[in-house]
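Student: missing the sequence, but the structure's below:
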């Protein structure tokens, strides 16, 4: 039951936020929006305000906008999508993904304000000693304060890093204070290929700090930006064959939502933020039926000086829908057989 509720929450929030981006920019640019719906299927509630019908539908998995003139066969009426300038239409097309990027900024900022952040202590005090690494084998323990490395005095955590880099993978002698007593330890660092420096398997202690509103928002922007670039880099590696294509379909996402929901509200909110960025990035891909594909068609219209014919547009959209359906079926099959 929790998995079902979590999936409804996740899909509902993601798609509604995305569609709201299209909706609000369509309104702001003077386009007529005939309907803004939350959910699919039969209407269970509706109310008309001005030219727009607002409806709540029976299947709470997403939503949609009906913007006049979006369909290739729609006539070019006053205040329709087709009647507006190319920049205005581009804004409406991109607004869905922009909202998907704005949502995690808000969510991550809130999480930073509520949970705080873990910051490393500058003192050379061990916060972690990794099992079966050089420091652990030599007998170092959490809470030990490093005093010297190879006779050189250590005053801050960065001094440890610098001293180990200078020493390389040769045997190292260090002294540490434990419960007021000074002890000597000898170990041989191991070179870490990923980090490109010698390590002995230790990390500093951390303290929790709660940032203010401005700092939380700044960190929310920074973290969202980091994830966007990481996802783009991941997609590039998948396309070039440098990384396997691990695809999760609706069933897989629903299962993950249920598992995350069991850990609490904040982990579920973080999950929504990550998926929102994912949805925003995917929608910007230049594929037919996706927002990125619509954007490319608008660029082509600008270059040609006129849009493609309705027959060509319908063909492109049909191919796009078929492609998305095939990917969805494939990912769903992977979810079931995984």
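Tutor: Thanks, I have it. If you're wondering where the values come from, they're calculated on a predicted model, not measured in any experiment.

Student: domains of the chain?
Tutor: If you go by automatic domain parsing, the domain ranges for the chain are 2-116+213-337, 120-208.

Student: which stretch in those has the least confidence?
Tutor: For these, mean pLDDT drops lowest on domain 2-116+213-337, to a mean of 85.

Student: got CSV for the domains of the chain, with mean neighbour count too?
Tutor: Where C-beta positions appear, they are placed from N, C-alpha and C, glycine not excepted. Shown next, in CSV, are these (neighbours: other C-beta atoms under 10 Å):
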stretch, mean neighbour count
domain 2-116+213-337, 16
domain 120-208, 15
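
Student: how near is residue 234 to residue 271?
Tutor: Applying C-beta to C-beta, to the nearest Å, the value for residue 234 to residue 271 is 17 Å.

Student: And stretch 209-227, how far out from the chain middle?
Tutor: Its chain's C-alpha centre and that of stretch 209-227 lie 14 Å apart, by C-alpha atoms, centre = their mean, to the nearest Å.

Student: I misspoke; the intended subject was stretch 139-154.
Tutor: On C-alpha atoms, centre = their mean, the centre of stretch 139-154 falls 39 Å from that of its chain.

Student: Contacts for it, please.
Tutor: Here stretch 139-154 makes contact (C-beta atoms under 8 Å, 6 or more residues apart in numbering) with 123-129, 159-160, 163-164, 167, 172-178, 182-183, 185, 202.

Student: again with stretch 205-216
Tutor: 109-110, 112-113, 116-121, 123, 125-127, 219.

Student: ok, then the element right after the strand or helix carrying residue 13?
Tutor: Residue 13 is part of helix 2-28 when elements are defined by DSSP states H and E. Where DSSP H and E defines the elements, the next helix or strand beyond helix 2-28 is strand 33-49.

Student: Phi and psi next, for residue 148.
Tutor: Backbone torsions for residue 148, taken as degrees, to the nearest 10, come to phi -140, psi 150.

Student: please begin residue numbering at 781 from this point
Tutor: That works, and once the first residue is 781, the last one we named lands at residue 928.

Student: For it, name its beta-bridge partners.
Tutor: Beta-bridge partners of residue 928, counted by DSSP bridges, are residue 933, residue 955.

Student: Enumerate every residue touching residue 822.
Tutor: When contacts are counted by C-beta under 8 Å, 6+ apart, residue 822 touches 837-838.

Student: same check, this time on the one 10 residues further on
Tutor: Residues counted as contacts of residue 832 (C-beta under 8 Å, 6+ apart) are 813-816.

Student: and it, bridged to which residues?
Tutor: Note on residue 832: beta-bridge partners by DSSP bridges are residue 829.

Student: From residue 866, how far out is it?
Tutor: Residue 832 is 24 Å from residue 866, by C-beta to C-beta.

Student: The residue most central in space within the chain and residue 1040, how far apart?
Tutor: For the chain, residue 1054 is the residue whose C-alpha lies nearest the centre (C-alpha atoms, centre = their mean; 3.1 Å). Counting by C-beta to C-beta, the gap from residue 1054 to residue 1040 is 10 Å.

Student: try residue 883
Tutor: Using C-beta to C-beta, residue 883 is found at 17 Å from residue 1040.

Student: Same check on residue 913?
Tutor: Taking C-beta to C-beta, one finds residue 913 at 31 Å from residue 1040.

Student: what do you get for residue 858?
Tutor: For residue 858 relative to residue 1040 (C-beta to C-beta), the value is 47 Å.

Student: So residue 857: helix, strand or coil?
Tutor: When classified by DSSP: H, G, I helix; E, B strand; the rest coil, residue 857 comes out as coil.

Student: repeat for the one 5 residues further on
Tutor: Using three-state DSSP as the criterion, the local structure at residue 862 reads helix.

Student: now swap in residue 978 and tell me
Tutor: strand.

Student: ok, now which ones touch it?
Tutor: 944-945, 947-949, 969-972.

Student: hmm, try it at 7 Å
Tutor: 944-945, 947-949, 969-971 (C-beta atoms under 7 Å, 6 or more residues apart in numbering).
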